[in-house]
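Asks: structure of the sequence below:
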Amino acid sequence: MGLFDWFRDEQETGAPLTPAAPTETDISSALDHMDAKVVSAGLSTAVIARVRRISKRLRETLPRMSNAGLASADQYSLIATATSYLPQTVGSYVRLPRDWADTRPVDEGRSSLLVLIDQLDLLAATVDKIYDAVLAKDAEALVVHGRFLAEKFSPGRVILRPVSAVKPTTPGSTLDLG
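Replies: Residues are numbered from 1 along each chain as shown. Below is the predicted model:
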């Protein structure tokens, strides 16, 4: 069997040539796994707190993405952070012996632990920016609607109704306009 036979077989059987995009369940499972991994690996509380913060923000942001109208690049970044960037970042650190990783300078005088923390902080800042952009869309809709209401019902604006809409009142009662 030649190289091109492999490609032809995949196309004829209908097997996907590229992997399918992760589902919401896949992403949630990846985040659950990451949260458990940092605890079971005995990592420092600084690392565990950062991973949990990223995981929490991803869980808050991903379901809102479809309504946000943001670029698909932002959606890709969030999904890739949950399923690839975060696991690879932590995984590279976990494979190192703790005493070596936490003390030996590896990058401009920084230990692997400090490199990891910097990378986690960068991921967190990126996820936070996308989260803010997603929520800004909802906030903008609220402001626009508020301006509409203010325009429509501002003080001093008289709402006129036809005389036939005014119901007669009995003496001593208040006027009922509808």
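Asks: which residue ranges form the strands in the protein?
Replies: All strands of the chain, identified by DSSP state E, fall at 105-107, 110-111.
Asks: most tightly packed of the ones you listed?
Replies: The highest mean neighbour count among the strands of the chain, using mean count of other C-beta atoms under 10 Å, belongs to strand 110-111: a mean of 15. Just so you know, the C-beta spots here come from the backbone N, C-alpha and C atoms, and that holds for glycine as well.
Asks: what strands line up against that one, and which way round?
Replies: Strand 110-111 sits in its sheet next to strand 105-107 (antiparallel), going by DSSP bridges.
Asks: returning to that earlier point: relative to Val51, which of the strands of the chain is closest?
Replies: When these are compared by C-beta to C-beta, strand 110-111 sits nearest Val51, at 17.9 Å.
Asks: gap between the closest one and the chain center?
Replies: Taking the mean of its C-alpha atoms, strand 110-111 sits 30 Å from the chain's own mean (C-alpha atoms, centre = their mean, to the nearest Å).
Asks: try stretch 93-102
Replies: 30 Å.
Asks: quick check: end-to-end length of that stretch?
Replies: End-to-end span of stretch 93-102 (C-alpha to C-alpha, to the nearest Å): 10 Å.
Asks: other residues contacting it?
Replies: Residues from elsewhere that reach stretch 93-102 (C-beta atoms under 8 Å, 6 or more residues apart in numbering): Lys37, Ala41, Gly42, Leu43, Ser44, Val47, Ser111, Ser112, Leu113, Val115, Leu116.
Asks: buried set for it?
Replies: Tyr93, Val94, Leu96, Ala101 (16 or more other C-beta atoms under 10 Å).
Asks: excluding chain neighbours, what is closest to the spatially most central residue of the chain?
Replies: Among the residues of the chain, the one closest to the centroid is Thr61, at 2.4 Å (C-alpha atoms, centre = their mean). Excluding its sequence neighbours, the residue lying closest to Thr61 (C-beta to C-beta, 6 or more residues apart in numbering) is Tyr131, at 4.5 Å.
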